[in-house]
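Chemist: Got a sequence here, can you model it:
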Amino acid sequence: MALEYPEDLRYLDSHEYVRLDGEIATIGISAFALDELGDIVFLELPDVGDTVEKGETFGSIESVKAVEDLYAPISGTVTDRNEEAIESPEQLSEDPYGEGWLLKVRLDNPDDELDETLTAEEYRAQVEGDEA
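Modeler: Prediction:
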């Protein structure tokens with residue numbers, strides 16, 4: 001099955017994605033990472049009002065195979081978190097780029113937050129290279 005990597009997203013090499021809408025960023029985890037992890041059994045996310053720092057861990061995701069840290073692609077204040085994903089983490093892989101988002105964050109500095117992220121094409125080349 002071919003995995004999708006929407007062009008309107010930016011990606012980290014640790015498999016998180018970010019979608020910007022003005023000064024609000026939606027953060028999630030890529031279809032590739034979810035596919036690699038397998039069945040998700042637990043998700044830990046920060047509370048609304050907490051801050052996340054670019055490059056730092058903000059939570060973890062646990063599957064039947066592994067526990068992985070989640071890394072913030074941007075810095076800012078959490079304005080919303082996906083309570084449904086916390087309650088039913090196994091559903092993340094059904095729609096990772098839509099209903100499967102993790103956090104919404106108000107950016108501290110929108111101008112240069114995405115400097116170190118990958119385009120969909122760059123990310124696709126990286127993960128498809130991993131499969132070879």
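Chemist: Tell me where this protein has helices.
Modeler: Ranges of helices within the chain are 31-37, 83-87, 120-131, based on DSSP state H.
Chemist: Tell me which of those helices sits most buried.
Modeler: helix 31-37 (a mean of 20; mean count of other C-beta atoms under 10 Å). (Each C-beta comes from the backbone N, C-alpha and C, glycine too.)
Chemist: What mean pLDDT does it get?
Modeler: Averaging pLDDT along helix 31-37 yields 94.
Chemist: May I have that helix as CSV, with CA atoms only?
Modeler: Extracted in CSV, the C-alpha atoms of helix 31-37 (Å, rounded to 0.1, in the frame of the first residue of the first chain):
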residue,chain,number,x,y,z
ALA,A,31,1.3,7.7,8.1
PHE,A,32,4.8,6.1,7.6
ALA,A,33,5.5,6.3,11.4
LEU,A,34,2.1,4.9,12.2
ASP,A,35,2.5,2.1,9.7
GLU,A,36,5.9,1.2,11.2
LEU,A,37,4.6,1.3,14.8
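Chemist: so where's the protein shaky on pLDDT?
Modeler: Within the chain, the stretches with pLDDT under 70 are 1-2, 130-132.
Chemist: Report the separation between the residue nearest the centre of the chain and D111.
Modeler: Geometric centre of the chain, nearest residue: G28, 2.5 Å, by C-alpha atoms, centre = their mean. To D111, G28 is 22 Å away according to C-beta to C-beta, to the nearest Å.
Chemist: Also D13?
Modeler: Applying C-beta to C-beta to D13 and D111 gives a distance of 22 Å.
Chemist: More neighbours: which of those two?
Modeler: D13 (13 against 7; other C-beta atoms under 10 Å).
Chemist: Identify the residues contacting the more buried one.
Modeler: Counting by C-beta atoms under 8 Å, 6 or more residues apart in numbering, D13 makes contact with 118, 123, 126.
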